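Peer 1: how does the following fold in three dimensions:
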Amino acid sequence: SWKKTNNSLTPNLRKLPPRRPLDEDDDVEDDPAWSALQSQLIPCSVCGRTFFPERLPVHRRVCKGKPSPRALKRAASLREQPTSSTEGKEIWHTCSFAPGRMNFAAKKFLTGVKRSFLINFELSFMNSLYFDFCHSTVFPDFLFIMKCASSESASSATAAKKLSTFNNTGGFTADSIPQHHYHLGENNYAVVSDFGNVLNVHIRKFKTNENGRIFPTKNGVSCSPYVWESLVTEMDNSSLPSETGKVLIVRDTLFLTSAWIENVPCVSLQRYVTKQDFSRQFLPSVCLLTETEWNQLQCIRKKISESCMSLMFNNFLKKKILLEVSSRSPRTNLQMELSDVEMVLSMSLTELLADNIKSRIVKVMVCNGCIENQANQLGHECVTMNFESRHSLYGDLAILSIDIELLVKEFVEKNMQMLNYINETFLNNLNIILLVKNACDMYIASDIMPHRMF
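Peer 2: Reported below is the predicted structural model:
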């Protein structure tokens, strides 16, 4: 049957009949009729109260996620007095259970909490609770939220969420500079970091605290290894910082200019981004290098590139391979020796890396004949230059621009029959440095005309 309420038709809603009083030794399952009705109740996903199926949609229209008065009354009864360990700050215990009578042996909770947290009860403690059902269900998976009304806790929690830019959040000393950190002079460092699974080259100013430990600051720039290697190729041709007003733009993202500050020639590095309307906006952080620091950066550029390759293949490649293998279904083992399988897998990865190097060199190679649209295309550098010269000029740039995820996907799909053998043991035994060298040699050896002009 239906009835009209507020110009809308709603069904006649059932109500749970009153429950007979329970004795101390009584059990909830003694009343089959009550248990049958109780099993039909459905909890509200917002406030936790339970209703019959036909009443739940009506309740959801007005539910605001607020606990019922009975729940608030129960929460007030569980309020504890502040102790010395709480430093006079009152702690409120809010229960997110549906209203109902609940008898259990109360246990004291630890105080002295300085920020909000959730207490997950062990199963043994949950079994000690005695639930008495009345008009709604008390769910055993409720949570007690202990919230400390302290502004200091909120600020400390916010500070804890801030991520550091580098792996070594504790800093370092001048006598123990970590790996992939290079001192340029004074307070400036060049750092290759893989923090947060993102590989970046940082040229940044560091500061020293009162304990002599060195920490990074916000004054600096960061770029991808591909942009860094592009900067390396431009260093020999640039006249920075001797030529005043000289400007160098790298990959439409890194802006370098020369300037004289207090009669000292300096190089300014700054990142900028291109918006959707093709306008460019400079990022506020700027890195300023003296002429001595700039020359030092040019001297160690090869070491920085080697650090990029080391982190790229020793860390990223192995992690991505294990992640890709874990997403595939395992296969049956082959009737082959383990050493033979590892040799086949190593050769397969070398061939794929050589193919990627070849395709990336074609992408990053600069042919002046094609740019200037010169006649006689057979005389262009893209035709006359052999693979060895191409690798010498563009090899590092091509390697650092490889899409590791695509390389890993091709490797796993090509060796699906040997999927069970692509594991952490195989990757630990793999000499990545030798593998990259063999891939470069394989690319050079694939030249069908090695004795060309260049």
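Peer 1: surely residue 183 meets residue 177?
Peer 2: Yes: counting by C-beta atoms under 8 Å, residue 183 does reach residue 177; the two are 6.4 Å apart. All C-beta atoms are positioned from the backbone trio N, CA, C, and that covers glycine.
Peer 1: what sits in contact with each of those two?
Peer 2: Common contact partners of residue 183 and residue 177 (C-beta atoms under 8 Å, 6 or more residues apart in numbering): none.
Peer 1: tell me the secondary structure for residue 205?
Peer 2: Secondary structure, DSSP: H, G, I helix; E, B strand; the rest coil: residue 205 is strand.
Peer 1: report the contact partners of the residue lying closest to residue 243 once chain neighbours are set aside.
Peer 2: Nearest non-adjacent residue to residue 243, counting by C-beta to C-beta, 6 or more residues apart in numbering: residue 258, 6.1 Å away. Residues in contact with residue 258, defined by C-beta under 8 Å, 6+ apart, are 240, 241, 242, 243, 244, 245, 246, 265, 266, 267, 268.
Peer 1: mind picking the two most distant members of these?
Peer 2: Across these, the longest distance by C-beta to C-beta is 14.3 Å; it joins 242 and 268.
Peer 1: between the two, point out the one with more neighbours.
Peer 2: Taking other C-beta atoms under 10 Å, residue 242 and residue 268 do not tie; residue 268 has more neighbours (18 against 10).
Peer 1: low-confidence stretches in the protein?
Peer 2: 1-39, 45-46, 48, 61, 64-169, 452-454 (pLDDT under 70).
Peer 1: in terms of secondary structure, what does the lengthiest helix in it contact?
Peer 2: Counting by DSSP state H, the longest helix found in the chain is helix 338-364. In this structure, helix 338-364 packs against helix 387-400, helix 404-414, helix 424-429, helix 432-445, with contacts taken as 3 or more C-beta pairs under 8 Å, 6 or more residues apart in numbering; DSSP states H and E.
Peer 1: out of those, nearest to residue 352?
Peer 2: helix 404-414 (5.5 Å).
Peer 1: for that closest one, list every residue counted as buried.
Peer 2: By neighbour count with 16 or more other C-beta atoms under 10 Å, helix 404-414 contains the buried residues 404, 407, 408, 410, 411, 412.
Peer 1: pick the one among these closest to residue 385.
Peer 2: Of those, the one sitting nearest to residue 385 (C-beta to C-beta) turns out to be residue 407, at 25.1 Å.
Peer 1: list the contacts of the closest one.
Peer 2: By C-beta under 8 Å, 6+ apart, residue 407 lies in contact with 317, 352, 353, 356.
Peer 1: pairing partners for the host helix or strand of residue 259, with directions?
Peer 2: Using DSSP states H and E, residue 259 sits within strand 254-261. Strand 254-261 sits in its sheet next to strand 247-250 (antiparallel), strand 264-274 (antiparallel), going by DSSP bridges.
Peer 1: of these, which is nearest residue 451?
Peer 2: Residue 451 lies closest, by C-beta to C-beta, to one member of those: strand 247-250, at 34.6 Å.
Peer 1: I figured residue 228 hits residue 201, correct?
Peer 2: Yes: assessed by C-beta under 8 Å, residue 228 is found in contact with residue 201 at 4.2 Å.
Peer 1: common neighbours of these two, please.
Peer 2: By C-beta under 8 Å, 6+ apart, the residues touching both residue 228 and residue 201 are 304, 308.
Peer 1: dump the strands paired with strand 254-261 into CSV; add distance to residue 281 as well.
Peer 2: CSV is the format used below for those (distance: least, C-beta to C-beta, whole Å):
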stretch, distance to residue 281
strand 247-250, 15
strand 264-274, 6
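Peer 1: I'd like to know which of the ones you listed is closest to residue 288.
Peer 2: strand 264-274 (5.4 Å).
Peer 1: show me what counts as buried in that closest one.
Peer 2: Buried, per 16+ other C-beta under 10 Å, within strand 264-274: 265, 266, 267, 268, 269, 270, 271.
Peer 1: likewise stretch 51-65?
Peer 2: 51, 52, 55, 56, 59.
Peer 1: restricted to helices, list these.
Peer 2: With DSSP H as the criterion, helices contain 56, 59 from among those.
Peer 1: and the buried residues of stretch 51-65, which is closest to residue 447?
Peer 2: Distances from residue 447 to these, taken as C-beta to C-beta, are shortest for residue 56 (73.2 Å).
Peer 1: that closest one - nearest residue in space that isn't next to it in sequence?
Peer 2: Residue 56's closest residue in space is residue 42 (C-beta to C-beta, 6+ apart), at 5.4 Å.
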